[in-house]
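Asks: Pasting a predicted model and its sequence here:
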Amino acid sequence: MDIIRITKDVCISEDKNFAVGKYALYNDTKYPQLYYLTDIAKNKDGNPFGFRCKSVDMTTLQLSDEETTLGNDSLKEYYTAVIIPIDTIKDCAERLIRGESIEDMTSSSDASTALVDMKSKDTLVRIKEETEKAVAVANQIQAYAQSLIEVQKAQLDKIVSAFNDKICKMRSEVSNLEYVIQTIELYAGIEEEVIQIHSGESASTDAPLVLHQAVLYMDEELALIDDEFDYHKIGFFNEWLVKDDNYKKVLTEERCIMACKPRRTDKYYNDDAFCNWLFNKPNHRTMFLIRNGENIYKIESDNISLDDRMFPNKNELEGILKGDMKSIVEKQLETFRKRYTKVIFLIQGLIDRSSTLAPHNIKAVLTKDIDITKSDGIELRYELDMEKALSDGHLPYNEWLRQLNSKLTTGKRIILTNYDFDDCDFIRYYSNEWSQPRYPSWGVYVLEDNPNYDSEERYYNRYKTRHIIRYMPRDDYRERKNRESIMISVGREGIFNYDDVKLEDIDYYLNSRLHRSKYYEFVKVLKIAMKLYLEEKHNEDEFIKMIVGRLQNEVGLTPKDGFTYEDIVKVAVDEFKDSLKWKRSILDKDKETYYMVQRKVLSKNYRDKYFK
């Protein structure tokens, strides 16, 4: 019995006759095909004419489901009858999986010995041939064993997948149980810390409980006096809240609740991202401020965490209660619903068990639908809902700044903040970074005309701007004697028009609560503007006093009804400042300015308009 090779890894034994239970090999060495003869094929008369057969997968040795028919003539001409030891290979593969070695199986198995006939062939050539045949059988055994392993692995994966689904379901159940426990603890006040910051008279019984939508950020409230606030300074925030009745600016209603956090953004603590995230976790912890008349309380609980709002917008709230929000996925909807429900249970617990809001006439918050909007004695302030929030007539900060900067012309002063300069902005050419000076730092600069500006050239060179600023670069290696010129575009971010700003606008945006999400974008530049404005105003006030004294003591003019000397001189000073191309502050020792303003006040036009 000879052994012939079908593919690189498959060996079978050749036989001379076709019969049921044997194999037929298609005589093509490049694309071999193997069929298993399952039954005798008969014609309509019942006479046999060939065999029914199924194709054999050369790797897994599995039979196909589909049957085909091979005639006797076709078999004799194109096929060879062969015997493949499939049972032996399967047995060896299973033994291989159990840990036995191929060498032991090929040396001890009678079937493998029959396959690899080593009777009396003593020549080296025959030994080589038989060795190759044994290796081929071993390869087939290994290939089939691998196929068995893949099948078992697939079955195992299926079991593991089903087990993982059960684990996920159990985790979900545990999570829901934790949520229920936390919600109950919120209502009962368990794991809750209440600190009374200020004491006094309580609000009237009829005063409604106002819930603020927007979360208060302590660092933004103290930004005018502390640029580096974090959770370590919460005690300082408590002191500030009480001092000068600042709590009335934050908690504006007699009875109200507002969520708060130490910071809106992360603070830098460490270069390592994970460490920085870990250190910032206390900065984003949710707390609640409660005002009841003059009584101020702060509540801390680990059972509730909010984002930037205590309750959703009006349309979102309706969607959460109905469960049909189309704008968010179901998982997010469930998160929003749980977070909102926790807030409701916290408030209901304070109403039922705590004296922080007493005395009051507030009815149950926990309605059948857990709808806080249906509760008597509770009002919602939608500070972050543009459809519900009340506007005070002021523009958003960015729009106001854009309109303010549109008035910039040559000679006006700007406050430079985070302007993004580029190497090509320098008027002078620098061949390398070592000779190039540093960019201008934060400060006040005067807009000047660009000597190289050409409107036609601007069409071809977008880097050419109409204005430049001059400054003295800071150099750590040598002392610079000449100022540097650099181009600047007044339409870009990082520029603030100082000369056209009004004090009331600065004060509004520093103290308004409608644009707090953008607070850190403008608080620093407005603080600089406020400081400069007040310094210049002090100088102007001294200047105006000098001229008023002159008018009262020497000239003898009397203002018309509705005017004062200070008002009249202030108008003259403002007109004089507006007439200056190169803006500057008015100093009390500026003699030239003194005489020019005095001449304007004593002019016929002013005498007729302002004096009797």
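Replies: Structure's in. What do you need?
Asks: got the buried residues for stretch 238-256?
Replies: Neighbour-count burial for stretch 238-256 flags 238, 240-241, 247, 250-251, 253-256 (criterion: 16 or more other C-beta atoms under 10 Å). Every residue, glycine included, has its C-beta placed from N, CA and C.
Asks: And for stretch 191-198?
Replies: Buried residues in stretch 191-198, defined by neighbour count with 16+ other C-beta under 10 Å: 192, 194, 197.
Asks: Can you give me the buried ones in the host helix or strand of D608?
Replies: Under the criterion of DSSP states H and E, D608 resides in helix 604-610. In terms of neighbour count (16+ other C-beta under 10 Å), helix 604-610 has its buried residues at 606, 610.
Asks: And that helix, what does it pack against?
Replies: Contacts defined by 3 or more C-beta pairs under 8 Å, 6 or more residues apart in numbering; DSSP states H and E place helix 604-610 against helix 565-579.
Asks: tell me the average confidence for the helix it packs on?
Replies: The average pLDDT for helix 565-579 rounds to 85.
Asks: again with stretch 305-323
Replies: Stretch 305-323 comes out at a mean pLDDT of 73.
Asks: Which residue, other than its chain neighbours, is closest to K407?
Replies: Spatially, and ignoring its direct neighbours in sequence, K407 is nearest to D500 (4.8 Å; C-beta to C-beta, 6 or more residues apart in numbering).
Asks: Also Q436?
Replies: Y430 (4.0 Å).
Asks: what's around the one you found, how many residues?
Replies: Using other C-beta atoms under 10 Å, the number of residues around Y430 comes to 11.
Asks: now do the one 10 residues further on
Replies: When neighbours are counted by other C-beta under 10 Å, P440 registers 20.
Asks: hmm, who's touching the helix holding D608?
Replies: 557, 559-560, 563, 568, 571-572, 600 (C-beta atoms under 8 Å, 6 or more residues apart in numbering).
Asks: chain center to that helix: distance?
Replies: Centroid separation for helix 604-610 versus its chain: 62 Å, with C-alpha atoms, centre = their mean, to the nearest Å.
Asks: Keeping just the C-alphas, turn that helix into CSV.
Replies: Extracted in CSV, the C-alpha atoms of helix 604-610 (Å, rounded to 0.1, in the frame of the first residue of the first chain):
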residue,chain,number,x,y,z
LYS,A,604,-18.5,132.0,24.2
ASN,A,605,-20.1,128.7,23.3
TYR,A,606,-19.7,127.3,26.8
ARG,A,607,-20.7,130.6,28.4
ASP,A,608,-24.0,130.6,26.5
LYS,A,609,-24.7,126.9,27.0
TYR,A,610,-23.8,126.3,30.6
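Asks: Let me see the contact set for L209.
Replies: 255-257, 347, 351, 357, 360, 362, 377-379.
Asks: tell me the strands in the stretch 451-600 of the chain, going along the chain?
Replies: Along the stretch 451-600 of the chain, counting by DSSP state E, counting those that start in this stretch, strands occupy 467-471, 484-488, 495-497.
Asks: and those strands, which is most packed in?
Replies: Neighbour counts (mean count of other C-beta atoms under 10 Å) averaged over each of the strands of the stretch 451-600 of the chain peak at strand 495-497, with a mean of 22.
Asks: Output the contacting helices and strands for it.
Replies: Contact here means 3+ C-beta pairs under 8 Å, 6+ apart; on that basis strand 495-497 packs against helix 397-405, strand 413-416.
Asks: which residues touch it?
Replies: With C-beta under 8 Å, 6+ apart as the criterion, strand 495-497 contacts 401, 404-405, 407-408, 412, 414-417, 419, 488, 525, 529.
Asks: Could you export those residues to CSV, including columns for pLDDT?
Replies: Shown next, in CSV, are those (pLDDT from 0 to 100):
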residue, pLDDT
L401, 90
L404, 92
N405, 91
K407, 91
L408, 90
K412, 90
I414, 91
I415, 90
L416, 90
T417, 84
Y419, 87
I488, 88
V525, 86
A529, 88
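Asks: so S441 touches R474, yeah?
Replies: Yes - when contacts are counted by C-beta atoms under 8 Å, S441 is listed as touching R474 (7.1 Å).
Asks: which stretches of the stretch 201-350 of the chain form strands?
Replies: Using DSSP E, counting those that start in this stretch, the strands of the stretch 201-350 of the chain run over residues 209-212, 216-217, 255-261, 287-292, 295-301.
Asks: how about the nearest residue to D57 once chain neighbours are set aside, what does it touch?
Replies: Nearest in space to D57, with sequence neighbours left out and distances taken as C-beta to C-beta, 6+ apart, is S64 at 7.4 Å. The contact partners of S64, taken as C-beta under 8 Å, 6+ apart, are 54-57.
Asks: from memory Y594 sits against F543, does it?
Replies: Yes - Y594 is within contact range of F543, at 7.2 Å (criterion: C-beta under 8 Å).
Asks: got a list of what the residue nearest to K407 touches?
Replies: 404, 407-408, 412.
Asks: Adding secondary structure, write the buried residues of stretch 191-198 out as JSON lines.
Replies: Listed next are these as JSON lines, based on DSSP: H, G, I helix; E, B strand; the rest coil:
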{"residue": "E192", "secondary structure": "strand"}
{"residue": "V194", "secondary structure": "strand"}
{"residue": "I197", "secondary structure": "strand"}
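Asks: As a markdown table, the contacts of S64 with neighbour count would be great.
Replies: Below are the contacts of S64 laid out as a markdown table (neighbours: other C-beta atoms under 10 Å):
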| residue | neighbour count |
| --- | --- |
| K54 | 15 |
| S55 | 17 |
| V56 | 23 |
| D57 | 11 |
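Asks: got the residue ranges for the helices in the stretch 351-500 of the chain?
Replies: 397-405, 455-460 (DSSP state H, counting those that start in this stretch).
Asks: just the helices and strands packed on strand 495-497: most buried one?
Replies: strand 413-416 (a mean of 21).
Asks: in its sheet, what does that one sit against?
Replies: strand 443-446 (antiparallel), strand 495-497 (antiparallel) (DSSP bridges).
Asks: Ok, which of those strands comes nearest T341?
Replies: strand 495-497 (44.8 Å; C-beta to C-beta).
Asks: rewinding a little: just the contacts of strand 495-497 now: which is nearest K537?
Replies: For the contacts of strand 495-497, the nearest to K537 is A529 (12.0 Å; C-beta to C-beta).
Asks: Show me the residue at the heart of the chain, geometrically.
Replies: Of all residues in the chain, the one closest to the mean position by C-alpha atoms, centre = their mean is T265, 11.5 Å from it.
Asks: who touches that residue in this structure?
Replies: Contacts for T265 (C-beta under 8 Å, 6+ apart) come out as Y520.
Asks: Okay, it and E521: tell me how far apart.
Replies: 11 Å (C-beta to C-beta, to the nearest Å).
Asks: With Y78 instead?
Replies: 83 Å.
Asks: quick one: low-confidence parts of the stretch 501-612 of the chain?
Replies: Applying pLDDT under 70 to the stretch 501-612 of the chain picks out residues 513-518, 588-589.
Asks: Helices along that one, start to end?
Replies: Under DSSP H, counting those that start in this stretch, the stretch 501-612 of the chain gives helices at 503-511, 519-550, 565-579, 591-601, 604-610.
Asks: mind checking which of the ones you listed is nearest Y31?
Replies: Closest among those, using C-beta to C-beta: helix 519-550, at 71.7 Å.
Asks: so what does the closest one touch, helix or strand wise?
Replies: helix 218-221, helix 397-405, strand 413-416, helix 503-511, helix 565-579, helix 591-601.
Asks: please redo it, this time with the cut-off set to 6 Å
Replies: Other helices and strands packing on helix 519-550, by 3 or more C-beta pairs under 6 Å, 6 or more residues apart in numbering; DSSP states H and E, are helix 503-511, helix 565-579.
Asks: which of the residues in it are buried?
Replies: 519-520, 522-523, 525-530, 532-533, 536, 540, 543-544, 547-548, 550.
Asks: Show the buried residues in the contacts of D500.
Replies: 404, 408, 412.
Asks: Generate JSON lines for those, with distance to K609 as supplementary columns.
Replies: Converted to JSON lines, the buried ones among the contacts of D500 look like this (distance: C-beta to C-beta, whole Å):
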{"residue": "L404", "distance to K609": "30"}
{"residue": "L408", "distance to K609": "31"}
{"residue": "K412", "distance to K609": "28"}
